[in-house]
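Participant: have a look at this prediction, sequence included:
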Amino acid sequence: EVQLQASGGGLVQAGGSLRLSCAVSGITFDDYAMSWIRQVPGKEREVVSCTSKSDGSTYYADSVKGRFTISSDSNTENEVFLQMNSLKPEDTAVYFCAAGVSLGTYIHWGQGTQVTVSS
């Protein structure tokens, strides 16, 4: 069974930082591209960041470039992280992790973790 378990969300003041984690099981981690996608009620989902170990590619939405960093750890735990710095109120959303066969594909989804940034 494929499982993606996102955690690390919370309430933070503008300018603060949070680190999201996504624990992955049931798939060969290094064979998948991992993504963080956020959702605000009433708005379209936004792909925040993606990373693919198979070809070393990484993607960041313009809205988070220079502030967010995606990383992964397949040596000890199959996890993907999203370090979020200089948070803004507009970063408030539910953040989902997803796994796909290549960058830009999202086959398996986690349950989401709420990030709230207060002004």
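Facilitator: Happy to help now that I have it. Numbering: from 1, shown residues only.

Participant: check contacts around the residue nearest the centre of the chain.
Facilitator: Most central in the chain under CA atoms, centre = their mean is residue 36, positioned 2.6 Å from the mean C-alpha point. By CB atoms under 8 Å, 6 or more residues apart in numbering, the residues touching residue 36 are 20, 22, 47-50, 70, 80, 82, 95-98. (Glycine included, C-beta is placed from N, CA and C.)

Participant: and what of residue 111?
Facilitator: 4-6, 96.

Participant: before we move on, the earlier item: for the contacts of residue 36, give me a markdown table that also has neighbour count, distance to residue 13 and pLDDT.
Facilitator: Conversion of these to a markdown table gives the following (neighbours: other CB atoms under 10 Å; distance: CB to CB, whole Å; pLDDT from 0 to 100):
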| residue | neighbour count | distance to residue 13 | pLDDT |
| --- | --- | --- | --- |
| 20 | 23 | 17 | 98 |
| 22 | 25 | 24 | 96 |
| 47 | 16 | 26 | 97 |
| 48 | 23 | 20 | 98 |
| 49 | 22 | 22 | 97 |
| 50 | 24 | 28 | 96 |
| 70 | 20 | 23 | 97 |
| 80 | 29 | 25 | 95 |
| 82 | 27 | 18 | 98 |
| 95 | 23 | 18 | 98 |
| 96 | 22 | 23 | 98 |
| 97 | 28 | 24 | 97 |
| 98 | 23 | 28 | 97 |
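
Participant: how would you label residue 103: helix, strand or coil?
Facilitator: coil (DSSP: H, G, I helix; E, B strand; the rest coil).

Participant: and it, how far is that from residue 60?
Facilitator: Between residue 103 and residue 60 the distance is 12 Å, computed by CB to CB, to the nearest Å.
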